[in-house]
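Engineer: After the sequence you'll find the predicted model.
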Amino acid sequence: MLSCCGRRLLHLLGLSFPLLTRRPLFLCPHRLMKPLVVFVLGGPGAGKGTQCARIVEKYGYTHLSAEELLRDERKNPDSQYGELIEKYIKDGKIVPVEITISLLKREMDQTMAANAQKNEFLIDGFPRNQDNLQGWNKTMDGKADVSFVLFFDCNNEICIEGCLEGGKSSGRSDDDRESLEKRIQTHLQSTKPIIDLYEEMGKVKKIDASKSVMKFLMKL
Ligand code: C5P
Ligand code: MG
């Protein structure tokens, strides 16, 4: 079952789930109480961040970036996980899921405690691997519903070019060609199989991200 915003988002993207979208929301009021989640995945440079910002502006989703939550937690002097997160991010490794889920869950709980109607979340950069997925299924089963996965699919070479251009202004240390190639390999080895699993469940909506990256490159 998709929420009203979920249906509007799919409509905007030119996609729809005709059979799943017809039942009015008032027939299942308990849904209002559970977080409804759209996972956003895609390789480096596919423009997920930019697109998420647009979706939030237009549809009022709450955007949660796994990476940003981890980076913020790392800076929190009171956090018991700060050092561990620092080490994982530095090594480009995926942080153990218990930590990432606790941060995601805390944000979702706080958002909904402040306003129960704000139960729609775009979770960006998650689940990145099997550990992330298993942790989500174990912890969130019955507590949140995953509407679908938005997959920003991007031709590797175009994404690398986009990142290299973007990196000139962002100054990110992992936006050089060698690091980008490694991050693309990690995406293909660890994250793509997760997208394939959701695809088998008919829950993936694929966006051709090369087009928007091309547009960005042409404006430069
Ligand atoms: O998504 P991206 O590769 O830019 O994320 C940067 C870093 O954030 C990763 O290399 C990883 O250390 C951390 N991360 C994580 N778990 C996630 C998403 C990001 O550990 N689900
Ligand atoms: Mg990132």
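Structural biologist: Noted; the coordinates are in hand. Ligands and ions are numbered 1, 2, ... in the order given.
Engineer: pLDDT averaged over whichever strand or helix holds Arg8, what's the number?
Structural biologist: Using DSSP states H and E, Arg8 sits in helix 4-12. The pLDDT scores in helix 4-12 average 70.
Engineer: ditto for stretch 60-69
Structural biologist: For stretch 60-69, mean pLDDT is 94.
Engineer: Could you tell me the end-to-end distance of it?
Structural biologist: With Cα to Cα, to the nearest Å applied, stretch 60-69 spans 19 Å between its terminal residues.
Engineer: Mind listing what's buried along it?
Structural biologist: Residues of stretch 60-69 classed as buried: Tyr61, Thr62, His63, Leu64, Ser65, Ala66, Leu69 (neighbour count, 16 or more other Cβ atoms under 10 Å). Placement of C-beta: from N, CA and C, glycine included.
Engineer: which outside residues touch that stretch?
Structural biologist: Applying Cβ atoms under 8 Å, 6 or more residues apart in numbering, the contact partners of stretch 60-69 are 5, 9, 38, 49, 52-53, 55-56, 100, 103-104, 107-108, 111, 118, 120-126, 128.
Engineer: what do you get if the cut-off is 6 Å, keeping everything else the same?
Structural biologist: With Cβ atoms under 6 Å, 6 or more residues apart in numbering as the contact definition, stretch 60-69 has outside contacts at 52, 55-56, 100, 103-104, 107, 111, 118, 120-126.
Engineer: ok, back up a step: inside helices: which ones of the buried residues of stretch 60-69?
Structural biologist: The members of the buried residues of stretch 60-69 that map onto helices under DSSP state H are Ala66, Leu69.
Engineer: ok, Glu75 - how many residues close by?
Structural biologist: Just to correct that, residue 75 is Lys rather than Glu. Lys75 sits with 10 neighbouring residues when counted by other Cβ atoms under 10 Å.
Engineer: where does the residue positioned nearest the centre of the chain land on pLDDT?
Structural biologist: Compute the mean C-alpha point of the chain, and by Cα atoms, centre = their mean the closest residue is Asp124, 1.7 Å away. Per-residue pLDDT puts Asp124 at 95.
Engineer: same question, the one 5 residues further on
Structural biologist: Predicted confidence (pLDDT) at Asn129: the value is 97.
Engineer: Quick check: the gap between it and Gly135.
Structural biologist: Separation of Asn129 from Gly135 (Cβ to Cβ, to the nearest Å) stands at 10 Å.
Engineer: what comes up buried for stretch 178-195?
Structural biologist: Ser179, Leu180, Arg183, Ile184, Thr186, His187, Ser190, Thr191, Lys192, Ile194, Ile195.
Engineer: Can you give me the distance of Thr100 to ligand 1?
Structural biologist: Distance from Thr100 to ligand 1, counting by Cβ to the nearest ligand atom, to the nearest Å: 5 Å.
Engineer: ok, and the closest non-adjacent residue to that residue?
Structural biologist: Excluding its sequence neighbours, the residue lying closest to Thr100 (Cβ to Cβ, 6 or more residues apart in numbering) is Ala66, at 5.5 Å.
Engineer: Also Glu181?
Structural biologist: Spatially, and ignoring its direct neighbours in sequence, Glu181 is nearest to Ile160 (7.2 Å; Cβ to Cβ, 6+ apart).
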